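Asker: Just to be clear, the model below is a prediction. Sequence and coordinates:
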Amino acid sequence: MQEPTFLILTALAAGPQHGYGIITDAGRTSGGVTRLQAGTLYMALDRLCSAGLVEPDREEVVDGRLRRYYRLTDEGAALLEAETERRRASAAVAAQRLTARLAARLAGGTA
Amino acid sequence: MSADRTGQAVPAAGEMLDGGAAQQALERRYRRLLRCYPPGHREVYREEMLGVLLAAARPGQRAPGARQAANVAACGLAIRARRALSWLGGPWQDALAVVSLITPVLMFILAALTLAAAIRGAVAGHESLRATVPWLSLVLVLGGPAVAMIGWLAVVLLGLTGRRRAAAAIAAIALALAAASLLVGVIQMGGAWSGGLALFLVTAGVGPVFVASLAVSSLTFSAGPQRGLAIVGRRRACLVIAGLSAGLGSSTILLLLSPYVSLAPFPFSLLTVLAIAIAIVLTRGRGTVDRRVSALVATGLLPDLAIIFLPSANVTATLVIQLGSLLFAVLAWAVAIASSGSRRVGRASPAGLRAGPRPTW
């Protein structure tokens, strides 16, 4: 799963959100590293809606501007869960190896 | 300005007017930029995207940022390209799956026929083999087809047991070997282009390379032989394979029946073209998938048409046909790649989204 897709699904896991809300949430989640561009966001939303992972929730008009809210479907939630599990597993391997590396370095330092 | 930006400093009255003008200018530019998107997509998303783009703008910003503009334009054009290629989706994918079932079996049969003919020729002491081929070359003449036979058998078995990627990898190696041996053959013949025999050998070798190329592209870019078998059925698959191998292998079959047969090309050409015509008729059904299978398989059979021109040793006509078939082989790859792209991307328009500024859900 590509990073924008992951961030969009993560944003929608908190509840229905509109386009600009997803962008700000993705910025927060990634610690400001990933700044979703509007084109990328709507390409991903178009694809995610087609795949049934995300669906339109409701519309509002704020200051004369249309806002469409999107929500995560059950399939979308399942996919996000699987991806989260995968990321957790690979992060665990990385953490384990870093710990081992540190231990080896400490052992080498004391020898 | 959207509610997300209300936390920012409130502009003074004069700046407010300027800000309004700036936002109008910005909105105009964004609207122009959004024309990169196809009309169907624009109707659904334009107003919403404008809202997001303007919400992300700095106060007083008059022109889209370069990165933002490039992203919007690139995504719009990408969606246009995806929709333009969507006709390549379903039927071509199904046709490729059928081709990925047929072509490896065909290659296996051709390799087996070649090996049988080589053994027959070696045992019977075919004069051309004995005269020109020392024992090392004899090993190559027998070993080449044997290796090819084992390789393509592996491709068939892996494909039918659902290991499509492994099958594609082995098929790619077999294709590389076939192409290399063809190249070596052409180089060895050197300046003998005018000779009818040289032309015959090259022509007979080109067809299988193209069929192998079809096998690799279809195995790589379709759902694979299992899906192909589900589409076409066992009986029709066998009929088509029998017809095509009779067509492509006719010259080898004749050589097998009688190693002393003269290599006069005329009977070969007649027989090959006839068998290929029968095979195409067998493949041709009513559905759109069948027509596409015929079109794809025909690209692998084209080189054999060159045999027609052998009696007159018309080098130009032969070369034109070979180059033409090379073009078609490249086209077959392009179709395979493009159609797999549309398979991965999914349907063209999102479900549940309707056009219009204010639909009600």
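Answerer: Sure thing, it's come through.
Asker: which residue ranges form the helices in the chain?
Answerer: Assuming you mean chain A. Listed in chain order, the helices of chain A (DSSP state H) span A:3-13, A:19-29, A:38-50, A:74-110.
Asker: The chain in question should be chain B.
Answerer: Under DSSP H, chain B gives helices at B:13-33, B:39-55, B:66-84, B:90-124, B:127-132, B:135-160, B:164-189, B:196-221, B:225-232, B:234-248, B:250-257, B:265-283, B:288-301, B:315-345.
Asker: Of these, which shows the lowest average pLDDT?
Answerer: Out of the helices of chain B, helix B:127-132 stands lowest, with a mean of 53 (criterion: mean pLDDT).
Asker: Can you pull out the low-pLDDT segments for chain A?
Answerer: Low-confidence segments of chain A, defined by pLDDT under 70: A:109-111.
Asker: let's see 80
Answerer: A:1, A:109-111 (pLDDT under 80).
Asker: For B:Gly76, give its distance to B:Leu33.
Answerer: Applying Cβ to Cβ, to the nearest Å, the value for B:Gly76 to B:Leu33 is 8 Å. Any C-beta I mention is one placed from the backbone N, CA and C, and that applies to glycine too.
Asker: Likewise for B:Ala111?
Answerer: The value you get for B:Ala111 to B:Leu33, if Cβ to Cβ is used, is 56 Å.
Asker: Just want to know which of those two has more residues nearby.
Answerer: B:Ala111 (24 against 20; other Cβ atoms under 10 Å in any protein chain shown).
Asker: so what's the more buried one up against?
Answerer: By Cβ atoms under 8 Å, 6 or more residues apart in numbering or on different chains, the contact list for B:Ala111 reads B:Pro145, B:Ala148, B:Met149, B:Gly151, B:Trp152.
Asker: Quick check, the third one in contact with B:Ala112.
Answerer: Going back to what we said before, that points to B:Met149. Yes - applying Cβ atoms under 8 Å, one finds B:Met149 in contact with B:Ala112, separated by 5.3 Å.
Asker: re the thing from before, indicate which one of the helices of chain B is closest to A:Thr10.
Answerer: helix B:39-55 (18.1 Å; Cβ to Cβ).
Asker: between the closest one and helix A:38-50, how big is the angle?
Answerer: With axes from the mean of the first three to the mean of the last three Cα atoms, to 10 degrees as the basis, helix B:39-55 and helix A:38-50 are set at 130 degrees to each other.
Asker: mind listing what's buried in helix B:39-55?
Answerer: B:41-42, B:44-55 (16 or more other Cβ atoms under 10 Å in any protein chain shown).
Asker: Kindly identify which of those residues also come near chain A.
Answerer: Filtering the buried residues of helix B:39-55 for neighbours of chain A using Cβ under 8 Å from any Cβ of the partner chain leaves B:His41, B:Tyr45, B:Glu47, B:Glu48, B:Met49, B:Leu50, B:Gly51, B:Val52, B:Leu53, B:Leu54, B:Ala55.
Asker: Kindly reformat these as CSV containing distance to B:Arg236.
Answerer: What follows is those, written out as CSV (distance: Cβ to Cβ, whole Å):
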residue, distance to B:Arg236
B:His41, 40
B:Tyr45, 45
B:Glu47, 52
B:Glu48, 49
B:Met49, 49
B:Leu50, 54
B:Gly51, 55
B:Val52, 53
B:Leu53, 54
B:Leu54, 59
B:Ala55, 58
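Asker: just those now: which is nearest B:Gly249?
Answerer: Using Cβ to Cβ, those come closest to B:Gly249 at B:His41, 50.4 Å.
Asker: Residue numbers of chain A in contact with chain B?
Answerer: Going by Cβ under 8 Å from any Cβ, the residues of chain A near chain B are A:18-21, A:23-24, A:37-43, A:45-47, A:49-52, A:55-59, A:61-63, A:65-68.
Asker: one more time with 6 Å
Answerer: A:19-20, A:37-39, A:42-43, A:46, A:49-51, A:55-56, A:62-63, A:65-66, A:68 (Cβ under 6 Å from any Cβ of the partner chain).
Asker: Just the buried subset of those, please.
Answerer: A:19-20, A:37-39, A:42-43, A:46, A:49-51, A:55-56, A:65-66, A:68.
Asker: What is the nearest of those residues to B:Leu219?
Answerer: Using Cβ to Cβ, A:Ala51 comes nearest to B:Leu219 of those, at 25.5 Å.
Asker: Excluding chain neighbours, what is closest to A:Gln17?
Answerer: Closest residue to A:Gln17 in three dimensions, ignoring its sequence neighbours and counting by Cβ to Cβ, 6 or more residues apart in numbering or on different chains: A:Ala11, at 5.6 Å.
Asker: contacting residues for that neighbour?
Answerer: By Cβ atoms under 6 Å, 6 or more residues apart in numbering or on different chains, A:Ala11 lies in contact with A:Gln17, A:Ile22, A:Asp25, A:Ala26.
Asker: cool, B:Leu175 as well?
Answerer: Contacts of B:Leu175 by Cβ under 6 Å, 6+ apart are B:Ala212, B:Ser213, B:Val216.
Asker: Distance of it relative to chain A?
Answerer: Noted for B:Leu175: a distance of 32 Å to chain A, by Cβ to the nearest Cβ, to the nearest Å.
Asker: cool, B:Ser245 as well?
Answerer: 41 Å.
Asker: how close does the closest residue to that residue other than its chain neighbours sit to chain A?
Answerer: Spatial nearest neighbour of B:Ser245, excluding adjacent residues (Cβ to Cβ, 6+ apart): B:Ile109 at 4.2 Å. B:Ile109 sits 41 Å away from chain A, going by Cβ to the nearest Cβ.
Asker: how about stretch B:105-119 as PDB, C-alpha atoms only?
Answerer: Below are the C-alpha coordinates for stretch B:105-119, written out as PDB (Å, rounded to 0.1, in the frame of the first residue of the first chain):
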ATOM      1  CA  VAL B 105       1.800 -26.000 -25.000                       C
ATOM      2  CA  LEU B 106       2.400 -25.000 -28.600                       C
ATOM      3  CA  MET B 107       6.000 -24.300 -27.900                       C
ATOM      4  CA  PHE B 108       6.400 -27.600 -26.100                       C
ATOM      5  CA  ILE B 109       5.000 -29.500 -29.100                       C
ATOM      6  CA  LEU B 110       7.200 -27.500 -31.600                       C
ATOM      7  CA  ALA B 111      10.300 -28.300 -29.500                       C
ATOM      8  CA  ALA B 112       9.300 -32.000 -29.300                       C
ATOM      9  CA  LEU B 113       8.800 -32.100 -33.100                       C
ATOM     10  CA  THR B 114      12.100 -30.400 -33.700                       C
ATOM     11  CA  LEU B 115      13.900 -32.900 -31.400                       C
ATOM     12  CA  ALA B 116      12.200 -35.800 -33.100                       C
ATOM     13  CA  ALA B 117      13.200 -34.500 -36.500                       C
ATOM     14  CA  ALA B 118      16.800 -34.000 -35.400                       C
ATOM     15  CA  ILE B 119      17.000 -37.500 -34.000                       C
END
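Asker: No further questions, thank you.
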